[in-house]
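In: predicted model and sequence follow; I will ask about them next.
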Amino acid sequence: MAQVATPTTIDAESANDPVLDHRPENRVWKKFRTHRSAMLGGILVIFFVAMALLAPVLPIPDPTATDWGAVRQAPSAAHPFGTDEIGRDVLSRLIWGAQASLLAGVVSVAIAVLVGVPLGIAAGYFGGWTDAAISRCTEALLAAPFLILAIALAAFLGPSLTNAMIAIGISATPLFVRLTRGQVLSVAAEDYVDSARAIGLPTRKILTRYILPNIVPPVLVQATLTVATAIIAEASLSFLGLGQQPPAPSWGSMLNTAKNFLDQAPWMALWPGIAIFLVVLGFNLLGDGLRDALDPREK
Amino acid sequence: MLSFILRRLLVAIPTIILISIFVFALQKLLPGDPILAMAGEERDPETIAFLREKYGMNDPIPVQYLKWVGNALTGDLGISLRTNQPVLELIGEKLPVTIQLATMAMIFAISIGIPAGILSAIKKGTAIDYVANVVALSGLSIPNFWLGIMLILLVSVKWQLLPASGYVPFDEDPLRSIQVMIMPAFVLGTALAATLMRHTRSAMLTVLTSDYVRTARAKGLKERRVILKHAFRNALTPIVTLSALLFGELIAGAVLTEQIFTVPGFGKLVVDAVFNRDYAVVQGIVLVTAVGFIVMNLLADVAYVLLNPRLRKQ
């Protein structure tokens, strides 16, 4: 599965592969680099990742430290983004909250990819009953709206960040099954796969050498865009009280509290929303840019 | 046409059966024992045994499933453990509220998203296209519950123009009802408008490079007529198919929107049911939305055939 996560291995492989040699990976990178909005997306994502990673070493107050003498204080020099209903520093909670958001986005998509892609390959490559069983289950899961499914699952698993990630991951899995299956079906019909079969290559070899490299680009694009969806889903679940539990900081639960103090402390509601917006925008821009860069039809 | 619809219905059956199994399994997986909750503080063993018998909790699980499906087929989705109301009645009560909200959101989304998409495609590469794309991507990236909070903050708290919450039935006072629902509908419609815009744009771009559009232009037709009559009509097909998928987004979006504006609809019912461990209601809701989604997909497929003359003839 390492190949899905690290497309560079495939690039190196395909360089020696006469069949895949016509795929100029360098051109993809060049196209991506000159794609202005994709670069902006990349910068936004890197900014938030750095924020999440550096949270423990930044000179900011403890995000869970309460100060009853400084409750709901407007932004000031001591608290640039103000304080919340029990005197915690909003900026510090915002910075630490990046961890929950990014973790939820990445882990839930990793679950969806690791479960969905193999199932999609199995359905697309083996066909028959395997395909029928997997496809029907996928359709049934897709029929329940993403968030309703995630809410129901998060409720049954019990409210916590881990369970929210599992719930979002399961809800997003059918997307990857369907995408991978369609991709495998179109690749498996190609002449070079037929010839690989004709010369007697084992199934495992055909799958890893010819099928997998071809499904990586669309899966990568979908995964990036799904991280954006998953971050909003985690914030939504936390907002409803089904995600990260207090006092641990998360943008969704910060907004949940903030909505009760709109007239007294509007700053509490402002920043977590802007943070969610920017990080989601970053992943959306990055995904769109990747799609354009990887699309051979686009110049 | 009829055989096409019948065939599509047959394909939907296994999916619906699977959904019913998932939905039934949910009940067995939800935390907490509703019987204990119903038995009250004393937890009298006799009462518990009586309640278990009454709600059929002592039967083997497959038997419970078959009983449940049989009842569901006759419209009996069980009784809300909290309000003692039949689930279907409860859903029937809340659904019109959400339908009004969703309709208003959809009207907003269509009237913004489709013209913006057409305009953006015609003016591809210009400042208008760029701005439309930036606005659409922002619309997709804004968490709608935050948008709702910000609107309440500005429009209700600061400017005091519209109420922050509440609901007035449409048949009681249509004007007031629409007024109260404007903000929630805007919040719910934003992401939809963005999605519609992006899809309209890409569908229009594909169609605009086609031969028949070039022919129409070569014939000397007015550009307006080429765009609306020749290009847009054909671009509409993929957009209609998309609208079925948007149904799911609408329902899911309604959950958060109704929570923020305390609109007593379907979405609020889901959240309340989950927090109250009201099994039957959660099941009923997931089942009804899933079946609704399948029906919407079916309708979209039929519309797809109707809109596409090449498929209609077959």
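Out: Great, that's in hand.
In: within the helices and strands, which one has the residue of the stretch 51-200 of chain B at minimum distance from chain A?
Out: Per C-beta to the nearest C-beta, the residue of the stretch 51-200 of chain B with the smallest distance to chain A is B:Trp146, at 3.4 Å. For glycine as for every other residue, the C-beta is placed from the backbone atoms N, C-alpha and C. Element membership for B:Trp146 (DSSP states H and E) is helix B:144-151.
In: residues of the following helix or strand past that helix that come out buried?
Out: Once the chain leaves helix B:144-151, the next helix or strand it forms, by DSSP H and E, is helix B:174-208. Of all the residues in helix B:174-208, those buried under the rule 16 or more other C-beta atoms under 10 Å in any protein chain shown are B:177, B:180-201, B:203-205, B:207-208.
In: please apply the same query to stretch A:77-90.
Out: By 16+ other C-beta under 10 Å, the buried positions in stretch A:77-90 come out as A:His79, A:Phe81, A:Gly82, A:Thr83, A:Asp84, A:Ile86, A:Gly87, A:Arg88, A:Asp89, A:Val90.
In: from what I can see the residue of the stretch 51-200 of chain B closest to chain A touches A:Trp271, true?
Out: No - taking contacts as C-beta atoms under 8 Å, B:Trp146 lies outside contact range of A:Trp271: 10.4 Å.
In: which one's more surrounded, those two?
Out: B:Trp146 (28 against 22; other C-beta atoms under 10 Å in any protein chain shown).
In: which ones are touching the closest residue to the more buried one other than its chain neighbours?
Out: Leaving aside its sequence neighbours, B:Trp146 sits nearest to A:Gly273 (C-beta to C-beta, 6 or more residues apart in numbering or on different chains; 3.4 Å). The contact partners of A:Gly273, by C-beta atoms under 8 Å, 6 or more residues apart in numbering or on different chains, come to A:Trp251, A:Leu255, B:Ile142, B:Pro143, B:Trp146, B:Leu147, B:Ile149, B:Met150.
In: list just the nearest of those residues to A:Phe146.
Out: Among the contacts of A:Gly273, B:Pro143 lies closest to A:Phe146 (C-beta to C-beta), at 14.2 Å.
In: the closest one and A:Ser236 touch, don't they?
Out: Yes - using C-beta under 8 Å, B:Pro143 is in contact with A:Ser236, at 7.0 Å.
In: so which of those two has more stuff around it?
Out: A:Ser236 (27 against 24).
In: check which helix or strand covers the more buried one.
Out: Going by DSSP H and E, A:Ser236 is part of helix A:212-239.
In: quick check: mean pLDDT of that helix?
Out: Average pLDDT, helix A:212-239: 93.
In: between it and helix B:144-151, how many degrees?
Out: Comparing the axes of helix A:212-239 and helix B:144-151 via axes from the mean of the first three to the mean of the last three C-alpha atoms, to 10 degrees yields an angle of 40 degrees.
In: next SSE after helix A:212-239?
Out: Next along from helix A:212-239, by DSSP H and E: helix A:251-258.
In: where does pLDDT dip in chain B?
Out: Within chain B, the stretches falling below the threshold (pLDDT under 70) are B:29-34, B:36-42, B:309, B:311-314.
In: tell me where it has helices.
Out: For chain B, applying DSSP state H gives helices covering B:2-29, B:34-39, B:45-54, B:61-73, B:87-122, B:127-141, B:144-151, B:174-208, B:211-218, B:223-225, B:233-260, B:266-275, B:279-307, B:309-312.
In: over to chain A?
Out: With DSSP H as the criterion, chain A has helices spanning A:2-5, A:7-15, A:25-33, A:36-54, A:90-126, A:128-143, A:146-157, A:161-188, A:191-198, A:203-206, A:212-239, A:251-258, A:267-294.
In: which residue, other than its chain neighbours, is closest to the residue most central in space within chain A?
Out: Chain A has A:Val227 as the residue nearest its centroid, 1.7 Å off, counting by C-alpha atoms, centre = their mean. Leaving aside its sequence neighbours, A:Val227 sits nearest to A:Gly105 (C-beta to C-beta, 6+ apart; 4.2 Å).
In: any idea how far the one you found lies from chain B?
Out: 13 Å (C-beta to the nearest C-beta, to the nearest Å).
In: please apply the same query to A:Leu102.
Out: Taking C-beta to the nearest C-beta, one finds A:Leu102 at 15 Å from chain B.
In: from B:Leu245, how far out is that residue?
Out: 27 Å (C-beta to C-beta, to the nearest Å).
In: those two: which is more packed in?
Out: A:Leu102 (21 against 15).
In: give the contact list for the nearest residue to the more buried one once chain neighbours are set aside.
Out: The spatially closest residue to A:Leu102, leaving aside those adjacent along the chain, is A:Ala52, at 5.1 Å (C-beta to C-beta, 6+ apart). By C-beta under 8 Å, 6+ apart, A:Ala52 lies in contact with A:Ala98, A:Gln99, A:Ser101, A:Leu102, A:Leu103.
In: do you know how far A:Ala52 is from chain B?
Out: For A:Ala52, the distance to chain B - C-beta to the nearest C-beta - is 18 Å.
In: which pLDDT value goes with that residue?
Out: Taking A:Ala52 on its own, its pLDDT is 94.
In: neighbours around whichever residue of the stretch 201-314 of chain B sits closest to chain A, how many?
Out: Per C-beta to the nearest C-beta, the residue of the stretch 201-314 of chain B with the smallest distance to chain A is B:Ala252, at 3.6 Å. Residues contacting B:Ala252 under the criterion other C-beta under 10 Å number 24.
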